[in-house]
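1. Provided below for reference: sequence and predicted model.
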Amino acid sequence: MTRTGGKATRRRLLLEAIRLFGAAGYENTSLDAVATAAGVRKQTLLYYFPTKDALLDACVAETSTRVAEELAAALDAESSTEKKAETVVRTLFRLAGEWPEFPQFVRQASRLDPDVIARFAANLEPLRLRALAFLAQGMNAGQIRRQDPALLLFTLYTSVVGSITEAGVLRAVVGEDESRTALRTREREVLGFVRNALATPPSAGRARTATSA
């Protein structure tokens, strides 16, 4: 097998595993099913991923790396500091729309073992530190309501990621459908929540204006 062909086969196996793990769960998905979906023999799958756990690890790395790359590129392209948080929200929702298997996999993987989430978070650590610095800087400049940056980041993370990954819960609670329109509606609601969470109280804005005057 050529190097290019090997990379393509490995990636196809990963994408099919992410899709199947997300749809049926890790425990309910066999290596045979992944191999069949990718159009290869099980022996071929085992050449790239000797165990099911190794395949899961690779899926976690694939999803977290793509999320990190998409977010980093979007943040680098956004010059306005005040729009950085909204950029993160829009990027994650865009990715969920383009790659619906991603939030489904994250939901299933998060239920397996705390170590799985730790490995996912490891690839996002540079972005977490970047976000904390951004929040602290905004608070010091009076652009963001002063609060615990780490707790605020956790609240924003759970709100954004939860609204993407827990679509089934949302449908049960609010009767939402699975269409792109529903995803866009959730995006607007989350954007509103993020803006409110970061906004400084009106009194703080008046105080800054009076001080500068």
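-> In hand now; what should we look at? Numbers count the residues shown, from 1 in each chain.
2. immediately after the helix or strand of the chain with the lowest mean pLDDT, which helix or strand?
-> For the chain, using mean pLDDT, DSSP states H and E, the weakest element among its helices and strands is helix 167-174, scoring a mean of 47. Next helix or strand after helix 167-174 toward the C-terminus (DSSP states H and E): helix 180-198.
3. how about the CA coordinates for that next one, as CSV?
-> Extracted in CSV, the C-alpha atoms of helix 180-198 (Å, rounded to 0.1, in the frame of the first residue of the first chain):
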residue,chain,number,x,y,z
ARG,A,180,-30.2,23.2,10.3
THR,A,181,-32.8,25.8,11.3
ALA,A,182,-32.9,24.4,14.8
LEU,A,183,-29.1,24.5,15.0
ARG,A,184,-29.1,28.1,13.9
THR,A,185,-31.7,28.9,16.5
ARG,A,186,-29.6,27.4,19.2
GLU,A,187,-26.6,29.4,17.9
ARG,A,188,-28.5,32.6,18.2
GLU,A,189,-29.6,31.8,21.8
VAL,A,190,-26.1,30.8,22.9
LEU,A,191,-24.7,34.0,21.3
GLY,A,192,-27.2,36.0,23.3
PHE,A,193,-26.2,34.2,26.5
VAL,A,194,-22.5,34.7,25.9
ARG,A,195,-23.0,38.5,25.2
ASN,A,196,-25.0,38.8,28.5
ALA,A,197,-22.4,36.8,30.4
LEU,A,198,-19.5,39.0,29.2
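4. List the buried residues of that helix.
-> For helix 180-198, a neighbour-count test (16 or more other Cβ atoms under 10 Å) marks 183, 186-187, 190-191, 193-194, 198 as buried. From N, CA and C alone the C-beta is placed, and that goes for glycine too.
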